[in-house]
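[1] task: produce atomic coordinates for the following.
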Amino acid sequence: MGESGYFCSDCPRRCRAWRSSDQAGGFCGCTALPQVVRAAPHYGEEPCISGTKGSGTIFFSGCNLRCVFCQNDEISRAPSGRKVSAEELRDIMLKLKDEGVHNINLVTPTHYARTAAKALDGLSLGIPVVWNSSGYESVETLKRLEGLVQIYMPDYKYADAEAARRFSAAPDYPAAAADAIREMYRQRGSYVMSEDGMLVSGVLIRHLILPDMEENSMNVIDFVADSFPPGSVLFSLMSQYTPMPAAAHYPELRKRVSAESTELLRHYMKTRKIEAGYWQDASSATGEMIPDFQEAGLA
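    The predicted model follows:
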């Protein structure tokens, strides 16, 4: 399972930490080899991703962003799960494909981009590969994925640099994520749907509404409306924010998103003529959105 080591500058943090198959380092605190905590069909994504047969999700542990409000906190801050080589990761993808899923969905893969690219290189799956990330990526790393990923599904969490600093220790997030999403669009272009309503190719941008941060969300919507041709990207406005224990020291994050905020932002989406997309009801803010991370599908 050998993986040569390198001084990592693969994400915007550019830690230059040494990472190898055995040595963890950097802000993410991970080794060079991915650690997988779940590989199974998942039905909680947008309808064009989950469909009726599920999305073949591969959840990686660790994260290069580590937001204080993360709903997957148990795996994002403490790397865990099964360590896999590129060859083993490829086998996991093929097994999920054989289960009949609509796509292969790599969840929080940014800090393992090198191994993911190696696993995907030359692999013929016949179904789309989804790069499901925080959006905090470097353009240089994304270019390694060109031709290997069919669907980019980034978050655009913050248009507010101070919020990005306070909640994710990443004041450069707004600019870095904007550049990354533009690169994703350059690679894939306007989205393409199949006849049965499944996303085949393109970019689906997600945004999680945070409590009392309507202006941040409006600025995110403005970015989408102003950066891409009308109807060329999908946008998902998410109301599933749930206060997590790790955010206990942030009073502004201890509440849920109000139905009024959700409705205001839905209306603003329409005002900015973002009609190709999705939104959640405030009732989505429950712990049921968090998957079981007990190494499902890795036996």
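[2] can you give me the helices in the protein?
    Remark: helices assigned in the chain by DSSP state H are 47-50, 73-76, 86-98, 113-120, 139-144, 161-168, 173-188, 214-227, 259-271.
[3] centre of the chain to the first one, how far?
    Okay, so that is helix 47-50. Offset of helix 47-50 from its chain centre (C-alpha atoms, centre = their mean, to the nearest Å): 15 Å.
[4] average pLDDT for that helix?
    Per-region confidence: helix 47-50 scores 96 on mean pLDDT.
[5] show me what it is packed against.
    In terms of contacts (3 or more C-beta pairs under 8 Å, 6 or more residues apart in numbering; DSSP states H and E), helix 47-50 is packed against strand 199-208. The C-beta positions use only the backbone N, C-alpha and C, and glycine is treated the same way.
[6] wait, residue 174 touches residue 164, no?
    Yes: contact criterion C-beta atoms under 8 Å: residue 174 and residue 164 qualify, at 6.3 Å.
[7] thinking again about what came up before, okay if I get the helices of the chain as TSV plus distance to residue 127 and mean neighbour count?
    Listed next are the helices of the chain as TSV, based on distance: least, C-beta to C-beta, whole Å; neighbours: other C-beta atoms under 10 Å:
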stretch	distance to residue 127	mean neighbour count
helix 47-50	12	20
helix 73-76	25	19
helix 86-98	6	17
helix 113-120	12	21
helix 139-144	21	16
helix 161-168	32	18
helix 173-188	16	20
helix 214-227	27	18
helix 259-271	30	15
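[8] hey, least reliable of these by pLDDT?
    Taking the mean pLDDT of the helices of the chain, helix 73-76 comes last: a mean of 81.
[9] what does it rub up against?
    If you take C-beta atoms under 8 Å, 6 or more residues apart in numbering as the criterion, helix 73-76 is touched by 37, 59, 61-63, 66, 70, 81, 108, 244-246, 293.
[10] and these, which are buried?
    Among these, those that count as buried by neighbour count (16 or more other C-beta atoms under 10 Å) are 37, 59, 61, 62, 63, 66, 70, 81, 108, 244, 246.
[11] may I have the beta-bridge partners of the nearest residue to the second one once chain neighbours are set aside?
    Looking back up the chat, that one is residue 59. Take residue 59 and drop its neighbours on the chain: the residue closest to it by C-beta to C-beta, 6 or more residues apart in numbering is residue 38, 4.1 Å away. Beta bridges link residue 38 to residue 59, residue 296 when assigned by DSSP bridges.
[12] and residue 38, how far from residue 106?
    Residue 38 is 12 Å from residue 106, where distance means C-beta to C-beta, to the nearest Å.
[13] and if you look at residue 175?
    24 Å.
[14] out of residue 38 and residue 106, which sits in the busier spot?
    residue 106 (29 against 22; other C-beta atoms under 10 Å).
[15] right, and the more buried one touches residue 119 too?
    No: using C-beta under 8 Å, residue 106 is not in contact with residue 119, being 9.4 Å away.
[16] now the contacts of helix 73-76 as JSON lines including pLDDT and distance to residue 125?
    Formatted as JSON lines, the contacts of helix 73-76 follow (pLDDT from 0 to 100; distance: C-beta to C-beta, whole Å):
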{"residue": "37", "pLDDT": "96", "distance to residue 125": "22"}
{"residue": "59", "pLDDT": "96", "distance to residue 125": "18"}
{"residue": "61", "pLDDT": "95", "distance to residue 125": "23"}
{"residue": "62", "pLDDT": "94", "distance to residue 125": "25"}
{"residue": "63", "pLDDT": "95", "distance to residue 125": "25"}
{"residue": "66", "pLDDT": "92", "distance to residue 125": "30"}
{"residue": "70", "pLDDT": "93", "distance to residue 125": "29"}
{"residue": "81", "pLDDT": "93", "distance to residue 125": "22"}
{"residue": "108", "pLDDT": "97", "distance to residue 125": "20"}
{"residue": "244", "pLDDT": "88", "distance to residue 125": "34"}
{"residue": "245", "pLDDT": "87", "distance to residue 125": "38"}
{"residue": "246", "pLDDT": "81", "distance to residue 125": "35"}
{"residue": "293", "pLDDT": "56", "distance to residue 125": "24"}
